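Participant: Give me a 3D structure for the following:
(one chain, ligands or ions: 1)
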Amino acid sequence: MAELAIDREFLRHYAKLPRPVQRAVDAAIGKFAEHTHAGLHLEKLTGARDPNVRTIRVSDFWRGIVVALGGTRYLLKDVLPHDDANAYAVSRIFSVNQALGILEVRDQEGIDEFARALPAEPPAEGLLDHVPNADLRRLGVNPVVFPLLPRINSDEQLESLCQLLPEAQRTALTGLAAGMSPDEVMQEVVGQILAGEDPGEVDTHDLAAAARRTPDRIAFVSGPIELAAILARPFDLWRTFLHPTQRDVAYREVYSGPALVTGSAGTGKTVTGLHRAVFLAGRLPDDGSKVLLTTFTRALAEALGRQLYRLTDKPAVRSRIDVISIDKLAYEIVARDRRKVTVADDEVLNPLWETAAAAGPTYQNRAGRVTRFSGAFLRREWEQVVLAQRVTSVDAYREAGRAGRGAGLRAEQRDQVWAAIEGVAGQLNKRGLRTHTQLADEAAEIVRRSPAPYRHVVVDEGQDLHPAQWRLLRALVAPGPNDLFLLADPYQRIYDNQVSLAQLGIQVRGRTRRLTVNYRTTHEILDLSVRVLNGDPVTGLDGEHDTLRGYRSVTRGGVPEVAAHADRNLELDALIERVGTWLDQGVEPHAIGIAVRTGNLVKTISRTLGEAHIDVADDRRGADGVRVATMHRMKGLEFQCLAVVGLDAGVLPAPNAVTSAAEDPHAHRQDLQRERCLLFVALTRARDVLYLSHSGTPSTLLPETPK
Ligand SMILES: Nc1ncnc2c1ncn2[C@@H]1O[C@H](COP(=O)(O)OP(=O)(O)OP(=O)(O)O)[C@@H](O)[C@H]1O
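Facilitator: Residues are numbered from 1 along each chain as shown. Now for the predicted structure:
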């Protein structure tokens, strides 16, 4: 069988093809890959500038671009409409960058045309006259462009040339033109393109070796099974690739202690974390030690497990990574220790807190009225102050810090609040019930009694973890090199937990890295999403203000549509029509998501879709289909087409999730910010298409969209 490598461009275009065309591509590749004389199926085009570039017929309208890498090794470069494919195949030349050793492609036809369009007479002063050819060569600029450079004297001309060249050469030439020294450019190119790896001696004739040195764009497929698995879920294909910055972060040999990777939505934190887990597991000594890969919820942990499965096919590596949500892990540790554990869910907890509030403490609000503390307030006080700081007595509670909890409490109020909290905690205890936070606390205590069970711990979605969960994570791995690898985005904090890692004994100073390129969402969708966050600074887990500086998308697409409707029925009709159109266009049902603010709307929409004979995903029944979920449950997921609906004034911000400004202006601001983050999380789940709608007055959190 032919040995196949897949290029990122191929995957990107393949993922967007209608399903029947995808099937035709699968068939063409399958036949080609299995054939012992693979070359027979490939067509060389007359006039092609590069003899290694071939095309393969997919259908009357589509052709694949294949590059012969030597022997029976081939690169699936792209799949394009027939005419575009032919134009591509005759114009491009693949070569090995003599300095970096990576496989590159340039538009040679474009370069020839560019050369013809330049004025015949060289200008008095060229833009790059100050750079000797030896330096250009050292930076990997291909000698074919050397004769053109003295004839370029404007940024526009250089820009036109650069568009025809591979990324590394573009970076080098634009850096030099901007006045950087060759050494500075070298650092940038090596840092960005190679992530600091030295290719050593480069054989510029060995295309296959060069392809293997280009892991951010090209992946070799181990065999037909892996190929079929990749093509079956084109939506997930990107996970195989890392940008050099991500690679640098994920494959660093040693972090001397806990490392924190931040980056806003879609910057590849999860992917980077997965690669790190695989990297660490692959280097474990043969003594039964393990890596823990954990995240916020069970659904996210399951998604991580599936991605891990796709990332590595080595059973020895897979079996040494435990993938489990932090709640489940805490539960299992406690259950192993004392067998019977019953978790208190909201159905049990909410009435307890409401009863405690109804009988409980009062305070005078800013308008001078005497008001009761709400059940939600008491519950948060318990979780955010009492459990967070492990407060166990009224004396300790009187002294406890309440930073971030809004207006202060007087001494007698603290005593009353404590009495209410103690009452609820006592009832839970009597009934043998535990919350997940309590279980995390207890699990940390249990783990501390024995040697730490993990060699390395990788944590995704860290921004929403509770201090008790952090204490558990700290206890699960002995302090030392490569102990904790943490991934978090403070802009996606959608629960109440405000944590300072340093205060929990997790020092990340000097070991934080930020990812800035969003690979999921188009520029247009990202622009709208970022405008939802009103620019207020947020504090990260390291206690520093986070920033969105440099946060950007690499793809372009359509402008998100916002549809206004007179009432909910009309809004739902329009939604059904929209989802139907996506399905007709060949979008897979599981690649369509619908996010809403409330559980009730989830039910209504699921029912309405069912009535329209559209399958809805149901994890409990294991049913595949369109995913309808609350914005909270959308965290960590992504969809090719996403609808975020029910964005009405009375629904978002959710009235019961926001403290009134009269009660506590500080808490009010915090709550509003959380609702903004929630909408941000929801919108950034979209890859290509985002559709928004509301009935009646739109939510105040919805930014204006360009007409
Ligand atoms: N270097 C890359 N090249 C192309 N696609 C990438 C790259 N890195 C990540 N992606 C893709 O971008 C999308 C987002 O990645 P990922 O889920 O890891 O981001 P994230 O930072 O964890 O996002 P979020 O915080 O929003 O959940 C995924 O589809 C992923 O496969």
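Participant: all contacts plus neighbour counts: C-alpha atoms, from now on.
Facilitator: Noted.
Participant: ok, which residues in the stretch 501-650 of the chain are in contact with the ligand?
Facilitator: Contact residues (Cα under 6 Å from any ligand atom) of the stretch 501-650 of the chain with the ligand: 519-520, 636.
Participant: can you list those residues in TSV and add neighbour count and secondary structure?
Facilitator: Shown next, in TSV, are those (neighbours: other Cα atoms under 10 Å; DSSP: H, G, I helix; E, B strand; the rest coil):
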residue	neighbour count	secondary structure
Tyr519	18	strand
Arg520	24	strand
Gly636	23	coil
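Participant: Show me where the stretch 201-350 of the chain dips below the pLDDT cut-off.
Facilitator: 233-241 (pLDDT under 70).
Participant: what do you get for the chain?
Facilitator: If you take pLDDT under 70 as the line, the chain has these spans: 1, 35-40, 188-197, 233-241, 364-367, 705-707.
Participant: and which of the residues of the stretch 501-650 of the chain next to the ligand is nearest Gly580?
Facilitator: Checking those against Gly580 with Cα to Cα, the nearest one is Arg520 at 23.2 Å.
Participant: Can you give me the distance of Ile6 to Thr214?
Facilitator: Ile6 sits 11 Å away from Thr214 when distances are taken as Cα to Cα, to the nearest Å.
Participant: Can you show me the strands along the stretch 551-700 of the chain?
Facilitator: Using DSSP state E, counting those that start in this stretch, the strands of the stretch 551-700 of the chain run over residues 552-555, 561-565, 592-596, 627-630, 639-644, 686-695.
Participant: okay, those strands in a markdown table with mean neighbour count and distance to Ala250 next?
Facilitator: Below are these laid out as a markdown table (neighbours: other Cα atoms under 10 Å; distance: least, Cα to Cα, whole Å):
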| stretch | mean neighbour count | distance to Ala250 |
| --- | --- | --- |
| strand 552-555 | 16 | 21 |
| strand 561-565 | 17 | 37 |
| strand 592-596 | 25 | 30 |
| strand 627-630 | 23 | 31 |
| strand 639-644 | 25 | 25 |
| strand 686-695 | 22 | 24 |
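Participant: Can I get the ones you listed in JSON lines including distance to Tyr454?
Facilitator: Converted to JSON lines, those look like this (distance: least, Cα to Cα, whole Å):
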{"stretch": "strand 552-555", "distance to Tyr454": "36"}
{"stretch": "strand 561-565", "distance to Tyr454": "47"}
{"stretch": "strand 592-596", "distance to Tyr454": "36"}
{"stretch": "strand 627-630", "distance to Tyr454": "34"}
{"stretch": "strand 639-644", "distance to Tyr454": "34"}
{"stretch": "strand 686-695", "distance to Tyr454": "35"}
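Participant: of the ones you listed, which approaches Gly179 most closely?
Facilitator: Nearest of these (Cα to Cα): strand 552-555, 24.6 Å.
Participant: Parallel or antiparallel, list what pairs with that closest one.
Facilitator: Sheet pairing of strand 552-555 (DSSP bridges) gives strand 517-522 (parallel).
Participant: which other residues reach the partner strand?
Facilitator: 264-268, 550-557, 638, 684-688 (Cα atoms under 8 Å, 6 or more residues apart in numbering).
Participant: 6 Å instead?
Facilitator: 266-267, 551-553, 555-557, 687 (Cα atoms under 6 Å, 6 or more residues apart in numbering).
Participant: now swap in stretch 383-402 and tell me
Facilitator: Pro467.
Participant: Now do the buried residues in that stretch.
Facilitator: Buried residues in stretch 383-402, defined by neighbour count with 16 or more other Cα atoms under 10 Å: 383-391, 394, 397-398, 402.
Participant: Need the residues you listed in a markdown table (columns: secondary structure).
Facilitator: Shown next, in a markdown table, are the buried residues of stretch 383-402 (DSSP: H, G, I helix; E, B strand; the rest coil):
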| residue | secondary structure |
| --- | --- |
| Glu383 | helix |
| Gln384 | helix |
| Val385 | helix |
| Val386 | helix |
| Leu387 | helix |
| Ala388 | coil |
| Gln389 | coil |
| Arg390 | coil |
| Val391 | coil |
| Val394 | helix |
| Tyr397 | helix |
| Arg398 | helix |
| Arg402 | coil |
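Participant: Output those residues in TSV, with distance to Val579 appended to each entry.
Facilitator: Shown next, in TSV, are the buried residues of stretch 383-402 (distance: Cα to Cα, whole Å):
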residue	distance to Val579
Glu383	40
Gln384	41
Val385	44
Val386	46
Leu387	44
Ala388	43
Gln389	47
Arg390	48
Val391	50
Val394	55
Tyr397	52
Arg398	55
Arg402	47
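Participant: Would you check how far apart Ala420 and Val391 are?
Facilitator: 14 Å.
Participant: With Ile592 instead?
Facilitator: Look at Ile592 and Val391: by Cα to Cα, they are 45 Å apart.
Participant: Thr371 - that's part of a strand, no?
Facilitator: Yes. Under three-state DSSP, Thr371 falls within a strand.
Participant: in the sheet, who's paired with it?
Facilitator: Here Thr371, judged by DSSP bridges, has bridge partners Tyr363.
Participant: wait, doesn't it sit right on Pro361?
Facilitator: No. Taking Cα atoms under 6 Å as the definition, Thr371 is not a contact partner of Pro361, at 8.7 Å.
Participant: When the two are compared, which one has more neighbours?
Facilitator: Per other Cα atoms under 10 Å, whichever of Thr371 and Pro361 has more neighbours is Pro361, with 21 against 12.
Participant: Just give the nearest non-adjacent residue to the more buried one, would you?
Facilitator: Gln416 (5.5 Å; Cα to Cα, 6 or more residues apart in numbering).
Participant: where's the one you found relative to Trp353, distance?
Facilitator: 14 Å.
Participant: So between the two, which is more surrounded?
Facilitator: Shown here are Gln416 and Trp353; by other Cα under 10 Å, Trp353 has more neighbours (22 against 16).
Participant: Tell me how far that one lies from the ligand.
Facilitator: 32 Å (Cα to the nearest ligand atom, to the nearest Å).
Participant: residue contacts, that residue?
Facilitator: Counted by Cα under 6 Å, 6+ apart, Trp353 has contacts Gly375.
Participant: what's the distance between the one helix or strand it maps to and the middle of its chain?
Facilitator: Under the criterion of DSSP states H and E, Trp353 resides in helix 346-359. Remark: helix 346-359 is offset 37 Å from the chain centroid, using Cα atoms, centre = their mean, to the nearest Å.
Participant: Give the buried residues for that helix.
Facilitator: So for helix 346-359, counting by 16+ other Cα under 10 Å, buried means 349, 352-354, 356-357.
Participant: what's the span of stretch 262-276 from first residue to last?
Facilitator: Note: stretch 262-276 ends 15 Å apart using Cα to Cα.
Participant: any residues touching it, and which ones?
Facilitator: Counting by Cα under 6 Å, 6+ apart, 246, 250, 487-489, 514-520 sit against stretch 262-276.
Participant: try it again with 8 Å
Facilitator: Stretch 262-276 is contacted by residues 239, 242, 246-247, 249-251, 261, 293, 304, 307-308, 311, 458-460, 485-492, 512-521, 548, 551, 681, 684 when judged by Cα under 8 Å, 6+ apart.
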